[in-house]
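Visitor: below is the sequence, then the predicted model.
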2 protein chains.
Amino acid sequence: MSSRLKDVAARAGVSPRTVSNVVSGSGSVAPDTRRRVQEAIEELGYRPNLAARTLRAGRTGVIGLAIPELHSPYFGELAGLLVDEARRRGWTVVIDQTRGEAEAERRLLAQGGGRAVDGLIVSPWALSPAELAATAPAVPVVILGERSPQGAADHVAVDNVAAADEATTHLVRSGRRRVAAIGLQPHLHNGTALLRAEGYLRALNRAGLPHPPGAQQTVTALHRADGARAMAALLDGPEPPDAVFAFSDELALGALHVAHERGVRVPGELAIVGFDDIEDGRYSHPPLTTIAPDKHQIAQRSLQCLADRVHSPGNTVPPQELTVPHRLVRRGTA
Amino acid sequence: MSSRLKDVAARAGVSPRTVSNVVSGSGSVAPDTRRRVQEAIEELGYRPNLAARTLRAGRTGVIGLAIPELHSPYFGELAGLLVDEARRRGWTVVIDQTRGEAEAERRLLAQGGGRAVDGLIVSPWALSPAELAATAPAVPVVILGERSPQGAADHVAVDNVAAADEATTHLVRSGRRRVAAIGLQPHLHNGTALLRAEGYLRALNRAGLPHPPGAQQTVTALHRADGARAMAALLDGPEPPDAVFAFSDELALGALHVAHERGVRVPGELAIVGFDDIEDGRYSHPPLTTIAPDKHQIAQRSLQCLADRVHSPGNTVPPQELTVPHRLVRRGTA
């Protein structure tokens, strides 16, 4: 038995119109009321009647989600949250896997992937900020994970510079003096990686610590295998590090793997901090210290941004930069 | 610049009509030719013109994929492969996340999720085999990961009994005598878990080994936290095991985590075998011994099944049981 809009209204103690506004993202609803309605929606398992709504609104009821890789734990976790949040708002999600190919990203932004969608949530890997900024998207777009200052799209991310600074400073404060970084991707216009490198260098400079050539290991991808290769190169170098800041948990777990193989004690001889807070890192040996972006907020704010644009086509609010919180989670590796 | 059908034909040395047949899954194409065409499609990055094809065929160009959880590494890896394979055949994929809820699975099968799709690939968790068998799907359906003997749908899976037997026998042959299992889910109609339990018991019986009460730990979900709880219960029991067969790698990694916490040496005092071959297990400490299902074949054969049904609506071939290969991958834990 499925529940109806008026059941949700009764449970939340608001008018059916208010429920409708929350679901469609239209009208103005006080944050407290919105929260009450969303709780009632969850408790009752209410799902808006998509077909009817689409008919009324001339919309498709579908949004596109384009992420580089479904098999990456970070994107898997994020996609799960985005799909849940989209469903709560009456949208189903078409997922495109770009594999980080520039052509796939370009086509998506320009044509919505050749499909009828109300809007897109895109995590670009290959396109440069300049190209992103120059794109006039076919439908409203929210960009995840990369700053595009003069862009035509809303943008949701953590403060990557501050987060990387925090991770590096944590290593410095625990007495580490040869702090390496793993994660720059010179072949990609990976703005996120550049911002994390900036935060890393800022923290080292503030502490008056050197960052000799070779202390920043570049990678071709962000998988465990790339982290393992980079860690091996650092350990084989002239001055092995006593700490590593990895730009993703996958890279960090690859580095940890090589430390185990080489008999390097973690955290005794080598401290490691990752980035992403994937579940995997909570169960590694030792459990991984990491920067945890608030993924629930990334999902919620991305969908809210998209809803604001989709439901008010005349919306002239300039593109927004939304920064979601992060925190350093201290576990066993640093 | 995007490539055209005739470019693919030229590269593969076949007629455009043959390429068209391969893409649409219609007509009869020799396996060798099909492989050549698929390679040419990949090399040239060819994408069929969906809109035109849909118009011609009266189809939507969309298939639905319903999996319990996008954030599970196994389903994330599998979803990535399925999306790639679907794209190769000119389909885009709408992903539904059922969270293992019976109502969500029922609605999907009966109504295709309320959307226009050509077909569905579903990994059911909550519905019983009887209910699955009684369902008359709205569109062609391929069921993943669970046997439904009298079902109305094609079915793609590994031989779960044989695979579990192999995992358990590997533990027995290495001299283990108190082999526990983690993964039964009594609250779910999880046919997969029941089949794995059957294989586990078959191997123990063949070896003449006991399976005392308590040696099979039930779980409420298949996450690392569940594996950790089950392992703790086994270690706190009257007769701690010297080996564990976990029905998923996530469960196995949770068990490994607890072994580290308690100072139980792996594999010295405790051997562990998982199931799924997720990337995570390749980098754990020690790396995880596991059963590897051939995920590429699961993706390919599922899409082939679906294409066969969708492109031949009059198709009266009875539902098929397709078994994909698996293998035991020996790493560090057993």
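Guide: That came through fine.

Visitor: A:L322 versus the residue positioned nearest the centre of chain A, what's the distance?
Guide: Chain A has A:G145 as the residue nearest its centroid, 5.1 Å off, counting by C-alpha atoms, centre = their mean. Distance, A:G145 to A:L322, by C-beta to C-beta, to the nearest Å: 12 Å. The way it works is simple: take the backbone N, C-alpha and C, and place the C-beta from them, glycine included.

Visitor: got any residues that touch both of the two?
Guide: A:A157 (C-beta atoms under 8 Å, 6 or more residues apart in numbering or on different chains).

Visitor: next structured bit after the helix or strand hosting A:T192?
Guide: According to DSSP states H and E, A:T192 maps onto helix A:191-206. The first helix or strand that comes after helix A:191-206 along the chain, using DSSP H and E, is strand A:216-218.

Visitor: who touches that following strand?
Guide: Contacts for strand A:216-218 (C-beta under 8 Å, 6+ apart): A:180-186, A:197, A:200, A:230-231, A:233-234.

Visitor: now for these: which two are most distant?
Guide: Farthest apart among the contacts of strand A:216-218 by C-beta to C-beta are A:P186 and A:M231. That separation is 18.3 Å.

Visitor: more neighbours, those two?
Guide: Between A:P186 and A:M231, counted using other C-beta atoms under 10 Å in any protein chain shown, A:M231 has the larger neighbour count: 30 against 11.

Visitor: as PDB, could you dump the C-alpha coordinates of the helix or strand hosting that one?
Guide: Assigned by DSSP H and E, A:M231 falls within helix A:224-236. Coordinates of each C-alpha in helix A:224-236 appear next as PDB, following Å, rounded to 0.1, in the frame of the first residue of the first chain:
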ATOM      1  CA  ARG A 224      44.900   1.500  -5.300                       C
ATOM      2  CA  ALA A 225      47.400   0.300  -7.900                       C
ATOM      3  CA  ASP A 226      48.500   3.900  -8.600                       C
ATOM      4  CA  GLY A 227      49.000   4.600  -4.900                       C
ATOM      5  CA  ALA A 228      51.000   1.400  -4.600                       C
ATOM      6  CA  ARG A 229      53.300   2.400  -7.500                       C
ATOM      7  CA  ALA A 230      53.800   5.900  -6.200                       C
ATOM      8  CA  MET A 231      54.600   4.600  -2.700                       C
ATOM      9  CA  ALA A 232      57.100   2.200  -4.100                       C
ATOM     10  CA  ALA A 233      58.800   5.000  -6.000                       C
ATOM     11  CA  LEU A 234      59.000   7.100  -2.800                       C
ATOM     12  CA  LEU A 235      60.500   4.300  -0.700                       C
ATOM     13  CA  ASP A 236      63.000   3.600  -3.500                       C
END
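
Visitor: by contact count, what packs against it?
Guide: Using 3 or more C-beta pairs under 8 Å, 6 or more residues apart in numbering or on different chains; DSSP states H and E, the elements in contact with helix A:224-236 are strand A:179-184, strand A:216-218, strand A:243-246, helix A:249-262, helix B:279-282.

Visitor: partners of the strand or helix carrying A:I121 in the sheet?
Guide: Element membership of A:I121 [criterion: DSSP H and E] is strand A:119-122. Strand A:119-122 has the following strand partners under DSSP bridges: strand A:62-67 (parallel), strand A:141-144 (parallel).

Visitor: ok, and what's touching the last one?
Guide: In this structure, residues lying in contact with strand A:141-144 by C-beta under 8 Å, 6+ apart are A:67, A:78, A:109, A:119-124, A:132, A:151-157, A:298, A:302, A:305-306.

Visitor: surely A:V329 touches A:A292?
Guide: Yes. Contact criterion C-beta atoms under 8 Å: A:V329 and A:A292 qualify, at 4.9 Å.

Visitor: what do these two both touch?
Guide: A:D277.

Visitor: neighbour count winner among these two?
Guide: For A:V329 and A:A292, the more surrounded residue by other C-beta under 10 Å is A:A292, and the numbers stand at 19 against 16.
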